[in-house]
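Chemist: Turn this into a model:
(one chain, ligands or ions: 1)
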Amino acid sequence: MLLSITSTHRPATDLSYLLHKNPVRVHETELSFGSALVFYPEVSEARTTAALVLDVDPVALVRGKGQGEGLLDQYVNDRPYVASSFLSVAIAKALRNALNGSSKERPDLAATAIPLRAHVLPLPVRGSRDLVTALFQPLGYDVGVEDIPLDETLGYLGPEWAHSPYVSLTLSGTVRLSELLSHLYVLIPVLDSKKHYFVDRQEIEKLIDKGGSWLAAHPARELIATRYLRQQRTWAREALTRLAEDDAIDDVLEETARIEAAGEAAPTPATRPKPESTDDADAAAFPAPRKDAAEEALEQPIRLHDLRLDTVAAIVADSGARRVVDLGCGSGKLLARLMKVKHLSAIVGVDVSMASLAMAARRLRLDRLPPRQRERITLLQGALTYRDRRIEDHDAIALVEVIEHLEIDRLRAMERAVFEHAHPALVVVTTPNVEYNVRFPGLAPGTLRHADHRFEWTRHEFLTWAESVADRHGYRVELSGLGEADVDVGSPSQMAVFRLIGVT
Ligand code: SAH
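Modeler: Numbering: from 1, shown residues only. Model prediction:
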């Protein structure tokens, strides 16, 4: 069976950096059930295609199995020839780094949505053909499904063979390669609806790991989880509940939030600025500081991330900005707060991840907003390390817990896109304070708060960076801690507020 991936992102030959496979060689990976070959049938600056061909050894499949199944069933089945959970295992083994989104040579490209086309042949589909489109279209692909006619004489092998369940699948879209691979990793076995190995609870973790960022927002999530977990409905429910928890939806922040919540004392609400321009509904979102100590003790501790988001929303609200951009908006938590600030006329969320944007659209209920509200908000896919004219002509830009996800050598590119080209009156940046990490009991010494963080800064490092950015681009900057400060290590999070000199 064959999986091919074509990139037309120039120079398309960069696909080889993402796949970690030199295009001039054939790469073979040994698997317990056969071998996976990766090679490049097409290599040019305009178009490069990598192919993964899986050679399943039918004898290896039955070796070591008892006499449980009929001999004919063991030897005569479609398993060696079709895309199935074998292909998912092959993707995980032969294309591991690409699946995880890591790339030593081109990390920025790995984090960037690029035009990709995948072809899977032959793909067994149990159930209606429409299922293929129903599974892939919500993830942003153009889906092509073609039947593969099967010689009717094969009908003697069983009814399943008489009506060919096999299709040739083509997906085209602008996505990160790791997203495309994780979609295929989960959805191929879902369409096939069989697993070649014993399914245990580990599979829940795999589903959450590979589906975490997009599955929670997928309209067919229940079918996906149930089929993926081989009809184990209680497991499917567990997986979906874990995915649906507000913080779990936020794949990137989930772990950070957990670690932070474990070590954090309740931040003092009194330190939170209250925006002027709120009506009653907003007042509920930004409760006034409480003076009564007993009442305060009863109050739910405000989570650090909510504190960040409330603070940034309040600063934007107070600044007089009308047009605001949330760069790296994730699942749209800040956007939801900004929507409540009445005088904001244009609110733009930008993220590289289509899955995050889909979650933001759901959180903001874009499909149900009245037209006048709907006009205020725009969600855009984009990479913040490239100049983007769509975000220029705005008064304020927020980057909440985003810079630490960039490779440090790409910070300059972000800085130019934001401070030089977009050049808004206000920029607010938040990032963890690495000094505070020693106060998190769950965090091993020297580890960062999240696996996807490329760096975390001390207060001094953040100050040095912020002052030099401000100097170079004509801003003044103020730094502050977010969350209750520890005498030795400061606050758990930190924030820089840049204001354009001469404007504000
Ligand atoms: N600001 C949000 C999410 C922070 S998580 C919040 O505070 O809730 C970091 C986000 O940055 C993720 O959604 C991730 O997809 C996005 N991101 C990481 N690198 C990016 C890049 N180069 N371009 C655009 N977005 C990026």
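
Chemist: roughly how far apart are Asp55 and Ser35?
Modeler: 5 Å (Cβ to Cβ, to the nearest Å). All C-beta spots, glycine's among them, are computed from the backbone N, C-alpha and C.

Chemist: er, Asp351 I mean
Modeler: Counting by Cβ to Cβ - Asp351 and Ser35 are separated by 38 Å.

Chemist: more neighbours, the two?
Modeler: Asp351 (25 against 16; other Cβ atoms under 10 Å).

Chemist: so who does that one touch?
Modeler: Applying Cβ atoms under 8 Å, 6 or more residues apart in numbering to Asp351 gives the contacts Gly328, Cys329, Gly330, Leu357, Ala360, Leu379, Gln381, Gly382.

Chemist: neighbours around Ile501, how many?
Modeler: Per other Cβ under 10 Å, the neighbour tally for Ile501 reads 11.

Chemist: That one contacts Arg476, doesn't it?
Modeler: Yes - applying Cβ atoms under 8 Å, one finds Ile501 in contact with Arg476, separated by 5.7 Å.

Chemist: Which residues of this structure lie near the ligand?
Modeler: Contact residues, the chain versus the ligand (Cβ under 6 Å from any ligand atom): 111, 252-253, 328-330, 333, 351-353, 356, 383-385, 400-402, 405-406.

Chemist: Any stretches of the stretch 351-500 of the chain with poor pLDDT?
Modeler: For the stretch 351-500 of the chain, the stretches flagged by pLDDT under 70 are 442.

Chemist: again but with the stretch 101-250 of the chain, I slipped
Modeler: For the stretch 101-250 of the chain, the ranges with pLDDT under 70 are 149-164, 195-199, 242-250.

Chemist: so where do the helices sit in the stretch 101-250 of the chain?
Modeler: Using DSSP state H, counting those that start in this stretch, the helices of the stretch 101-250 of the chain run over 107-110, 130-136, 159-162, 177-192, 202-215, 221-228, 233-244, 246-249.

Chemist: so what's Thr464 up against?
Modeler: Thr464 touches nothing, counting by Cβ under 8 Å, 6+ apart.

Chemist: Just the closest residue of the stretch 101-250 of the chain to the ligand, please.
Modeler: Per Cβ to the nearest ligand atom, Ala111 is where the stretch 101-250 of the chain lies closest to the ligand, at 4.7 Å.

Chemist: Near the residue nearest to that residue when sequence neighbours are not counted, how many other residues are there?
Modeler: The shortest distance from Ala111 to any non-neighbouring residue, by Cβ to Cβ, 6 or more residues apart in numbering, is to Val352 (5.8 Å). Neighbour count for Val352, taken as other Cβ under 10 Å: 20.

Chemist: same question, Ile91
Modeler: By the criterion of other Cβ under 10 Å, Ile91 has 22 neighbours.

Chemist: Please look at it and Val38 and confirm they touch.
Modeler: No - the pair Ile91 / Val38 is not scored as a contact, 10.3 Å apart, by Cβ under 8 Å.

Chemist: Mutual contacts of these two, please.
Modeler: Common neighbours of Ile91 and Val38, using Cβ under 8 Å, 6+ apart, are Leu52.

Chemist: and Ala425, what does it touch?
Modeler: Contact analysis of Ala425 by Cβ under 8 Å, 6+ apart lists Ser319, Ala321, Asp395, Ala396, Arg499, Leu500, Val503, Thr504.

Chemist: Could you rerun that using 7 Å?
Modeler: The contact partners of Ala425, by Cβ atoms under 7 Å, 6 or more residues apart in numbering, come to Ala321, Asp395, Ala396, Arg499, Leu500, Val503, Thr504.

Chemist: OK, contacts around the fourth one?
Modeler: Yep, that's Arg499 we're talking about. By Cβ under 7 Å, 6+ apart, the contact list for Arg499 reads Ala425, Leu426, Tyr475, Arg476.

Chemist: Please apply the same query to the fifth one.
Modeler: For Leu500, the contacting residues are Ala425, Gly474, Tyr475, taking Cβ under 7 Å, 6+ apart as the criterion.
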